[in-house]
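>>> Return atomic coordinates for the entry below.
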Amino acid sequence: MKWEDIMKHYSRNDVKREIAEYCSNRWVALHCEEVDKKGNKIMLRYDANKRPLKISSEEDVQRLLLEYTRYKPRSIYASAHVYRTLESRWSLIDRENIVASSPTLDIDSKDGDWRSVIRKAMEVIGLLEKYGIVNSVFFKWSGRGAHVHIHEKAFSEEIRRRIDPVDIAYSVTQFITSKINPEDNVVVEAIIDIQRVFTAPLSLHREVDRVAICVLPENLSDFSIDWTFPESFQHFPDAWRRFSSGEGDELAEKAFINVGPYLFGRKRRRKHRPLDEEILDTIKRLENHWQVF
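Numbering: from 1, shown residues only. From the prediction side, this is the model:
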């Protein structure tokens, strides 16, 4: 895909709007066509003043692409985490600055068969439905594989006060992955960590000429790879916006009890408290609120 065609794609109003609204309050990354001294394609995550990249408006999309034109940005990524502020590197280190996080599972086919990815995604979505996630899940074709996202607001403010949002995203993805039947050609991975980013809706893929489109679960059986072509993509804007607050609370509790917390970056108020004590205390607090199933 020529550079002029990449810029033409990102000049579309619908593309800029989707990227800007999804990236709001998320840590943004630009994957570029230019390479570094080691021959690796450049990934930009900070501006010239060492502040996290962010997109707050449609104008920001064009501004960032033009500002870094010399590196030829091709793909736009956004963090799984939603931040209260993104003013400095410290904003990224402080776990208390993360107000919500979207559990996301990565699905890839070893032989490139996109139909097997769809089948696996439908299996994952069906499993999530058994755990109460019905209106807060969406599918995104990322280029060569797919992501299944749970909306971060599927988890109520109350549960996010009791269980850290990163712990929710980490434990839910680990828990669901452990319940998926393994296959030789399709891999489902839980890859949530403190810096994880995923392709933003309507971004181009970093290598293949495909658009990251979002699909509602009820439309997934009709999916065709033709929907991802840059010149004629078919995207469902409601997919990543739809959620039911609180429908993920029971899954969050069950997953956290079974998996435990994500440890990196946790702000410690006391010195070296044992992990098993922390988990047992949390289980006790949860049992006092709701019956554990």
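>>> quick one: low-confidence parts of this protein?
264-293 (pLDDT under 70).
>>> Give me the most central residue, it.
residue 80 (3.8 Å; C-alpha atoms, centre = their mean).
>>> can you pull the contacts of that one?
101, 102, 103, 104, 169, 192, 196, 197, 198 (C-beta atoms under 8 Å, 6 or more residues apart in numbering). Every C-beta, even on glycine, is put in place using the N, C-alpha and C of the backbone.
>>> ok, now how distant is it from residue 123?
21 Å (C-beta to C-beta, to the nearest Å).
>>> where do the strands sit along the stretch 51-200 of the chain?
73-79, 81-83, 98-101, 104-109, 137-141, 146-150, 186-190, 197-199 (DSSP state E, counting those that start in this stretch).
>>> Could you export the ones you listed to JSON lines, including columns for mean neighbour count and distance to residue 61?
Below are the strands of the stretch 51-200 of the chain laid out as JSON lines (neighbours: other C-beta atoms under 10 Å; distance: least, C-beta to C-beta, whole Å):
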{"stretch": "strand 73-79", "mean neighbour count": "25", "distance to residue 61": "8"}
{"stretch": "strand 81-83", "mean neighbour count": "22", "distance to residue 61": "18"}
{"stretch": "strand 98-101", "mean neighbour count": "22", "distance to residue 61": "22"}
{"stretch": "strand 104-109", "mean neighbour count": "21", "distance to residue 61": "22"}
{"stretch": "strand 137-141", "mean neighbour count": "25", "distance to residue 61": "18"}
{"stretch": "strand 146-150", "mean neighbour count": "24", "distance to residue 61": "21"}
{"stretch": "strand 186-190", "mean neighbour count": "19", "distance to residue 61": "29"}
{"stretch": "strand 197-199", "mean neighbour count": "21", "distance to residue 61": "14"}
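>>> among those strands, which is nearest residue 263?
Nearest to residue 263 among these is strand 98-101 (14.4 Å), distances taken as C-beta to C-beta.
>>> so how far is the closest one off the chain centroid?
How far strand 98-101 lies from its chain's middle: 12 Å, per C-alpha atoms, centre = their mean, to the nearest Å.
>>> That's all I had, so thanks and see you.
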